[in-house]
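>>> What would the 3D arrangement of this be:
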Amino acid sequence: MDQPCVKVGIMSAPTIRFVFDTPYIFNGKEVTGAHEVAIDGGKVKWLGNTYDSLEFAPVNVDSDSFELIDVVIGVNFHWERKENQKFRGSLRLIVEGEKLTAINILSIEEYLLSVISSEMSATASLELLKAHAVISRSWLLAQIEKGKTLAAEQTPYNPCTRTEEELVRWFDREDHVNFDVCADDHCQRYQGITRESTVTVRDAIRATWGQVLTYDGVLCDARFSKSCGGVFEQFEYCWEPKHYHYLQARRDGAEPMNFPDLTIEENAREWILNAPDAFCNTSDKNILSQVLNSYDQETTDFYRWKVEYTQDEISQLVKSRSGEDYGNILDLVPVARGTSGRLYRLKIVGTKQSLIIGKELEIRRTLSPSHLYSSAFVVEKVGEKNGLPEKFVLHGAGWGHGVGLCQIGAAVMGEKGYDYKQILLHYFIDADITKLY
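Numbers count the residues shown, from 1 in each chain. Predicted coordinates:
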């Protein structure tokens with residue numbers, strides 16, 4: 001198998017500005033310098049002409065680069081911001097709805113050089129970077145294969161169901177139809193050559209070149225998050241109702257089978273309100289700096305965290321984020337938890353209506369101006385006024401969905417002397433490490 005290429009959706013905006021740092025080719029002509037494109041009648045307008053799409057290829061693939069201006073990163077998360085980013089490979093510009101989309105096309109291994117430095121710190125340990133290279137490569141190739149399968153089957157894919165009593169929605173990558181993956185946390189972070197790479201990152205890519213995780217001969221859907229909170233979540237409680245043997249509940253520690261059943265409410269409450277020992281239970285700044293880029297380090301509490309809302313705050317928040325008018329919020333009732341203690345069904349009880357919502361990201365999105373760190377939380381109601389709770393306190397655990405590799409836990413494992421294969425097989429149960437190319 002030859003090394004594949006990947007199409008990455010970088011940004012969408014009514015106008016897009018970019019700069020070619022080195023010569024690029026369009027329709028046989030060399031292009032350099034700064035440019036701006038806009039929408040005109042459903043087409044891409046550039047230099048006074050309109051096109052169905054534009055694609056620019058580098059003249060020299062060994063020294064090429066272009067820059068996109070004001071790329072939004074951390075979309076809808078608490079660290080959302082704009083930055084200019086540089087990329088290798090080709091640039092494609094298309095129209096999607098009322099906006100233009102910039103797509104970067106490049107080889108998978110070149111893409112991984114950036115992903116590893118964007119998802120992690122480029123100064124992380126070699127074994128951690130090797131492990132992340134394998135899971136990022138595995139996840140990407142699995143998503144490309146999944147996209148091909150969905151396209152071939154042409155069957156409707158419905159990640160949302162709504163009844164009078166319940167709203168269930170999950171968020172995956174199936175909404176990307178014109179490229180393989182996006183560049184933000186929705187898929188996996190890819191910030192081009194903006195994030196400084198290092199010799200260690202390149203060594204990690206070379207050492208694992210073409211290596212992927214497989215189970216029973218099939219590519220693993222190798223998910224990862226910042227902190228599992230102590231126990232791994234299972235795939236089916238976050239996304240489609242499909243069980244993968246290699247994504248099972250385990251404790252993130254040296255005794256992986258030593259963990260309580262966190263689908264039971266009393267167990268989950270005790271687990272979340274305490275801070276049990278786990279690989280990802282660390283405050284070591286040296287280890288955290290391997291996983292958390294500068295804007296991630298603005299988050300100081302992630303293994304255990306707390307969020308407080310007044311009655312007015314939570315009632316307005318839930319209404320604005322969900323589009324549903326619950327009236328005053330009376331209660332947040334746990335209905336069903338996954339294996340990490342993350343809620344995937346939560347009942348919101350209001351003076352005007354009640355509704356069960358899920359899955360985990362819908363819960364996180366509804367109960368925060370951006371997103372809660374995770375849906376592994378217990379609710380404390382404080383005070384009462386006019387028959388209404390005065391304050392809601394959410395005591396939570398972990399950061400992200402908790403499925404697959406726990407980045408902070410893996411960083412701790414690397415510091416403890418585990419090699420990348422041991423790290424991978426701790427998080428992906430009974431998987432194989434296979435060389436594809």
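>>> Could you list the buried residues of stretch 206-216?
Within stretch 206-216, the residues scored as buried using 16 or more other Cβ atoms under 10 Å are 208, 211-215. Where C-beta positions appear, they are placed from N, C-alpha and C, glycine not excepted.
>>> Which member of those is positioned nearest G414?
Set against G414, the nearest of these by Cβ to Cβ is T208 (14.2 Å).
>>> How about the contacts made by the closest one?
130, 133-134, 137, 420 (Cβ atoms under 8 Å, 6 or more residues apart in numbering).
>>> ok, now with 10 Å
Going by Cβ atoms under 10 Å, 6 or more residues apart in numbering, T208 touches 109, 112, 129-134, 136-137, 420-421, 424, 433, 435.
>>> repeat for V72
Counting by Cβ under 10 Å, 6+ apart, V72 touches 10-13, 80-83, 183-184.
>>> where do the helices sit along this structure?
Using DSSP state H, the helices of the chain run over residues 108-119, 126-153, 199-207, 265-273, 285-291, 311-322, 360-366, 407-415, 420-427.
>>> Ignoring the adjacent residues along the chain, who's closest to A133?
Setting aside the residues directly before and after it, A133 is nearest to T208 in space (Cβ to Cβ, 6 or more residues apart in numbering), at 4.7 Å.
>>> Now that neighbour, what are its backbone angles?
T208 adopts backbone torsions of phi -120, psi 20, taken as degrees, to the nearest 10.
>>> and the least confident of the contacts of V72?
Sorting the contacts of V72 by pLDDT puts E80 at the bottom of the list (76).
>>> okay, now it: neighbour count?
E80 is flanked by 13 other residues according to other Cβ atoms under 10 Å.
>>> Could you tell me which residues make contact with the closest residue to it other than its chain neighbours?
Computed as Cβ to Cβ, 6+ apart, the closest residue to E80 that is not its neighbour in sequence is G74, at 4.3 Å. Listed by Cβ under 10 Å, 6+ apart, the contact set of G74 reads 80-82, 184-185, 189, 295-296, 370-371.
>>> From those, list just the buried residues.
Among the contacts of G74, those buried by neighbour count (16+ other Cβ under 10 Å) are 184-185, 189, 296, 371.
>>> got those residues as JSON lines, with distance to I69 columns?
Output for those, formatted as JSON lines (distance: Cβ to Cβ, whole Å):
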{"residue": "D184", "distance to I69": "17"}
{"residue": "D185", "distance to I69": "21"}
{"residue": "R189", "distance to I69": "19"}
{"residue": "D296", "distance to I69": "23"}
{"residue": "H371", "distance to I69": "26"}
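>>> Counting only strands, which of these make the cut?
Among these, no member falls in strands (criterion: DSSP state E).
>>> for those residues, which one is nearest E390?
E390 has its nearest neighbour among the buried ones among the contacts of G74 in H371, at 24.9 Å by Cβ to Cβ.
>>> Would you check how far apart that closest one and W399 are?
Counting by Cβ to Cβ, to the nearest Å, the gap from H371 to W399 is 10 Å.
>>> Tell me where the model's unsure across the stretch 101-250 of the chain.
Low-confidence segments of the stretch 101-250 of the chain (pLDDT under 70): 122, 151, 154-155, 173-175, 195-196.
>>> do the stretch 251-400 of the chain as well
293-300.
>>> what do you get if the cut-off is 90, keeping everything else the same?
For the stretch 251-400 of the chain, the stretches flagged by pLDDT under 90 are 285-286, 289-302, 370.
>>> Can you list the residue ranges for strands in it?
Taking DSSP state E, counting those that start in this stretch, the strands of the stretch 251-400 of the chain run over residues 304-310, 329-337, 343-350, 354-358, 377-385, 388-397.
>>> Nearest to A278, out of these?
Closest to A278 of these, according to Cβ to Cβ: strand 388-397, at 9.9 Å.
>>> okay, which residue is most central for the chain?
D185 (3.5 Å; Cα atoms, centre = their mean).
>>> Okay, that one and F87: tell me how far apart.
The gap separating D185 from F87 is 18 Å, by Cβ to Cβ.
>>> Ends of stretch 395-412, what's the gap?
For stretch 395-412, the first-to-last residue distance is 24 Å (Cα to Cα, to the nearest Å).
>>> In it, which residues are buried?
The neighbour-count check on stretch 395-412 (16+ other Cβ under 10 Å) flags 395-412 as buried.
>>> Please apply the same query to stretch 263-275.
Buried-residue list, stretch 263-275, by 16+ other Cβ under 10 Å: 263, 268-269, 271-272.
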